[in-house]
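1. please work out how this folds:
(one chain, ligands or ions: 2)
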Amino acid sequence: MTTKTTTHILGYPRVGSQRELKFAQEKYWQGDIDQAELKEVGSLLRHRHWGDQSGAGLDFVSVGDFAWYDHVLGTSMLLGHLPKRHRKGFPDFDTLFRVARGKAPTGCSCAAADMTKWFNTNYHYLVPEFSADDEFTVSWQQLFEEVAEAKQAGHAVKPVLLGPVSYLWLGKEKEAGFDRLSLLPRLLTAYQQILSKLAKLGVEWVQIDEPVLALELPAAWSESFNLAYQVLHGSPKLLLTTYFDNITHHLDNITKLKIDGLHVDLSAAPAQLDEIVDALPENWVLSAGVINGRNVWRADLSALLARLQPVKAALGDRLWLGSSCSLLHSPIDLDLETDLDPEVRQWLSFAKQKCREITLLAQALDGSVVAQEECERYSAPIKARAASERVNNPQVRQRSAAITDALAERKLPYAERARLQRQSLGLPLLPTTTIGSFPQTGEIRTQRRDYKAGRLSEQDYTQAIQGHIADAIARQEKLDLDVLVHGEAERNDMVEYFAELLEGFAVTRFGWVQSYGSRCVKPAVIVSDIYRSEAMTVGWTTYAQSLTKKPVKGMLTGPVTILGWTFPREDLSREDIANQIALALRDEVADLQANGIKVIQIDEPAIREGLPLKASQWQTYLNWAVKAFRISAASAEPETQIHTHMCYSEFNDIIKSVAALDADVITIETSRSDMELLKAFEEFAYPNEIGPGVYDIHSPNIPDVAQIVQLVEKAEQLIPAERLWINPDCGLKTRNWAETEAALGNMVAAAKQLREQW
Ligand code: GLN
Ligand code: ZN
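-> Ligands and ions are numbered 1, 2, ... in the order given. Got it, this is the predicted structure:
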């Protein structure tokens, strides 16, 4: 007799299929609704999402995955552990928003906590801040209230907790000479209290997330798990969850832990399954995370069934099935995508559909013939996709296969290119430029929307955008900038814009995924081989160039960033996909150049975030990422100046690869670090030109001339003036024109002042 396979997911998206939570949060922050109304929306969404889970037949619903802003911040609230400046009195609902945003409808304003990326996803969490005298007191009742709420609604509840070691790891020390790991014993006392409260609420299993186990940890950290789970062991039972990569490098240690079950990500790291099954202690359950929580593809259930049948035979009812990670990272409901091409649609599956995949697979594993047949039927389209002509384009494949190292080489080395570019561009010392976008006014957004919806004709739209371009050019000439841009009025998003124009992508209507707080992104899906059927930016760029004698910089998004900010296909390596995009961009570069564009920027803000979780794999990634960029740039003649832009901070550990991009000019974000970041470039003797951002575009503050002069003087200590550019930190689309013109006016004035001085 077969035993029943237990089914669950690691978490559900919280934002709502119509982004209800986002809109309610934003209304609350603006004072348009009160706390009770906001909480009502939260409760409604939780009930709906639990309904989706139990409706699909999952054995548990996840509770504790709902967060008003972020689940790491939720954990900090639960532990009564907030940044010191926010510890005034007992934390309440608005404390949460104050820590997240620096302000809330009630209480004082003070600096928000830092936000950073959640492992290698596009989700951002609020970084816990640790001091030697920190204490942890279970204070915020949200988790317990939600457990009670779900139980009352009749659900079988499995609470989700961020584990203590991961919580410490994800935070940062606020003082020098102190190690946050030393807080573990104190932290564990609070976790004990949480667990015993959950036990009292009748909870049998707790999912305790320790995603840091996918990393290569320092010994003290990996050893700390022993103490942690020694202390936490008891009732409720603990399912230790890991995700985003394999954990076999820690397996010897993990199998000694006092826990009751282990969850592994078999979507990111399928190869670890056998080793895990072999090493699994006899009394543990194994939760097999087979349904990908981070991508949008329909699972091949019949293949998974075949793969898991021997595991089921070995483990019996100790086998659980689940999503690979929390479904937080996938869109919610495919049923809403009525505009998607029907062939493409049957290849996809979003959070709601993934829950059903898990239960169907479990029923099939448990021996139901009906379910087994259903798995076959369900998997047929995704199996058929492998041979689909629409997916596999022989010409694209041939061109990618023919890539050589030479294809990634410019014709001359930088020093010679720089000389030719100086002659052809005739730029002054310390040339000034911007990063690409100009203010996206309400008018621009409405026109784009009307055009998409068919309310604005092609001709009227073109005229409208040309009007914005002409306006942007006129303003830049008046400001006396040296290298101009067309302003990107036609782009909703730097990736989606290209995804819509390139062949091989599908764009969804409601495929929103939370990025941070109330912010969501809607990544396009790479469904097939990528190619360019026609020029994408040449029309707008040459129009801009026709209006001015100054060089206009063409503006492209790089291959690594397009790949990084979309849902990739899974039947091709990331490297192969990046190369296909690179070849398409390479043709765009050639077209821009052939049409008289002398400066072309290829943005790569996502190179750093694509780094694998395990440091030992960084170089392999960087090699192909750099090569993809170079393939797109290398159709440029030596006289054509290639820029790239990256909007982040840490360059120390990747500087060699950044230099290997061999862009003629790189613009980076530096103003907030007071040019500190440039040190990495100096120490490495970075050879090409650099535009360190001289003011922060995230703030409405107008930098004054003296401030900018001072920053550039500081930069000149590290990089010779001949190789320095002057520009803002990033694009200006979120600012208004008044701020933009005032700030750029001062920036140009500072450049002119320094040219006279030097
Ligand atoms: N060219 C883009 C812009 O100016 C760059 C944005 C980015 O790097 N995130 O908007
Ligand atoms: Zn940027």
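2. where's whatever residue of the stretch 651-758 of the chain ends up closest to ligand 2 relative to G693, distance?
-> Here the stretch 651-758 of the chain gets closest to ligand 2 at one residue, C730, 3.2 Å apart by C-beta to the ion. (Each C-beta comes from the backbone N, C-alpha and C, glycine too.) Between C730 and G693 the distance, using C-beta to C-beta, to the nearest Å, works out to 7 Å.
3. between the two, which contacts overlap?
-> E669 (C-beta atoms under 8 Å, 6 or more residues apart in numbering).
4. distance of the closest residue to K656 other than its chain neighbours from I655?
-> Of all residues not flanking K656 in the chain, F684 sits nearest, at 6.9 Å (C-beta to C-beta, 6 or more residues apart in numbering). Counting by C-beta to C-beta, the gap from F684 to I655 is 5 Å.
5. now do S699
-> From S699 to I655 the distance is 27 Å (C-beta to C-beta).
6. what do you get for G487?
-> 31 Å.
7. higher neighbour count, the two?
-> G487 (29 against 16; other C-beta atoms under 10 Å).
8. now the more buried one: phi and psi?
-> Phi and psi for G487, reported as degrees, to the nearest 10, are phi 100, psi -10.
9. who's it bridged to?
-> Taking DSSP bridges as the rule, G487 bridges to S437.
10. which strand or helix spans A738?
-> helix 737-757 (DSSP states H and E).
11. chain center to stretch 57-68, what's the gap?
-> From the chain centre to the centre of stretch 57-68 is a distance of 23 Å (C-alpha atoms, centre = their mean, to the nearest Å).
12. buried set for that stretch?
-> Neighbour-count burial for stretch 57-68 flags 58-68 (criterion: 16 or more other C-beta atoms under 10 Å).
13. what helix or strand is D59 on?
-> Applying DSSP H and E, one finds D59 in no helix or strand.
14. isn't it right next to T6, touching?
-> Yes: between D59 and T6 there is a contact under C-beta atoms under 8 Å: 4.9 Å.
15. return the mean pLDDT over stretch 37-48, rounded to an integer.
-> For stretch 37-48, mean pLDDT rounds to 98.
16. in CSV, list the C-alpha atoms belonging to that stretch.
-> What follows is the C-alpha trace of stretch 37-48 in CSV, where atoms were taken according to Å, rounded to 0.1, in the frame of the first residue of the first chain:
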residue,chain,number,x,y,z
GLU,A,37,-8.9,49.6,6.0
LEU,A,38,-5.4,48.6,5.2
LYS,A,39,-5.6,45.7,7.6
GLU,A,40,-8.8,44.6,6.0
VAL,A,41,-7.1,44.4,2.6
GLY,A,42,-4.3,42.3,4.2
SER,A,43,-6.8,39.9,5.8
LEU,A,44,-8.7,39.6,2.6
LEU,A,45,-5.6,38.7,0.6
ARG,A,46,-4.4,36.2,3.2
HIS,A,47,-7.8,34.4,3.2
ARG,A,48,-7.8,34.4,-0.6
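17. hang on, the earlier thing: which neighbouring elements make contact with the helix holding A738?
-> helix 458-479, helix 705-718 (3 or more C-beta pairs under 8 Å, 6 or more residues apart in numbering; DSSP states H and E).
18. and it with ligand 1, contact?
-> No: Helix 737-757 is not in contact with ligand 1 by C-beta under 6 Å from any ligand atom; minimum separation 11.8 Å.
19. keeping just the C-alphas, turn that helix into CSV.
-> These are the backbone C-alpha positions of helix 737-757, laid out as CSV (Å, rounded to 0.1, in the frame of the first residue of the first chain):
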residue,chain,number,x,y,z
TRP,A,737,12.2,69.0,-15.0
ALA,A,738,12.7,71.8,-12.5
GLU,A,739,14.9,69.7,-10.3
THR,A,740,16.7,68.2,-13.3
GLU,A,741,17.5,71.5,-14.9
ALA,A,742,18.7,73.1,-11.7
ALA,A,743,20.9,70.1,-10.9
LEU,A,744,22.4,69.7,-14.4
GLY,A,745,22.9,73.5,-14.6
ASN,A,746,25.1,73.3,-11.5
MET,A,747,26.8,70.2,-12.8
VAL,A,748,27.8,71.9,-16.1
ALA,A,749,28.9,75.0,-14.2
ALA,A,750,31.1,72.9,-12.0
ALA,A,751,32.7,71.3,-15.1
LYS,A,752,33.4,74.6,-16.6
GLN,A,753,34.9,76.0,-13.5
LEU,A,754,37.2,73.0,-13.2
ARG,A,755,38.2,73.2,-16.9
GLU,A,756,39.4,76.8,-16.2
GLN,A,757,41.3,75.8,-13.1
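20. buried ones in that helix?
-> Quick answer for helix 737-757 (16+ other C-beta under 10 Å): 739-741, 743-751, 753-754.
21. in TSV, list those along with pLDDT.
-> Below are those laid out as TSV (pLDDT from 0 to 100):
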residue	pLDDT
E739	96
T740	98
E741	98
A743	98
L744	98
G745	98
N746	98
M747	98
V748	98
A749	98
A750	98
A751	98
Q753	98
L754	98
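22. could I get those as JSON lines with distance to V507?
-> Output for the buried residues of helix 737-757, formatted as JSON lines (distance: C-beta to C-beta, whole Å):
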{"residue": "E739", "distance to V507": "31"}
{"residue": "T740", "distance to V507": "29"}
{"residue": "E741", "distance to V507": "34"}
{"residue": "A743", "distance to V507": "33"}
{"residue": "L744", "distance to V507": "33"}
{"residue": "G745", "distance to V507": "38"}
{"residue": "N746", "distance to V507": "39"}
{"residue": "M747", "distance to V507": "36"}
{"residue": "V748", "distance to V507": "38"}
{"residue": "A749", "distance to V507": "42"}
{"residue": "A750", "distance to V507": "41"}
{"residue": "A751", "distance to V507": "40"}
{"residue": "Q753", "distance to V507": "46"}
{"residue": "L754", "distance to V507": "45"}
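23. quick one: residues contacting I668.
-> 645-648, 651, 677, 690-693, 729.
24. can you tell me how far it is from N623?
-> Relative to N623, and taking C-beta to C-beta, I668 is found at 21 Å.
25. do V712 as well
-> From V712 to N623 the distance is 34 Å (C-beta to C-beta).
26. more crowded one of the two?
-> V712 (23 against 13).
27. quick check: D209 vs ligand 2, distance?
-> 31 Å (C-beta to the ion, to the nearest Å).
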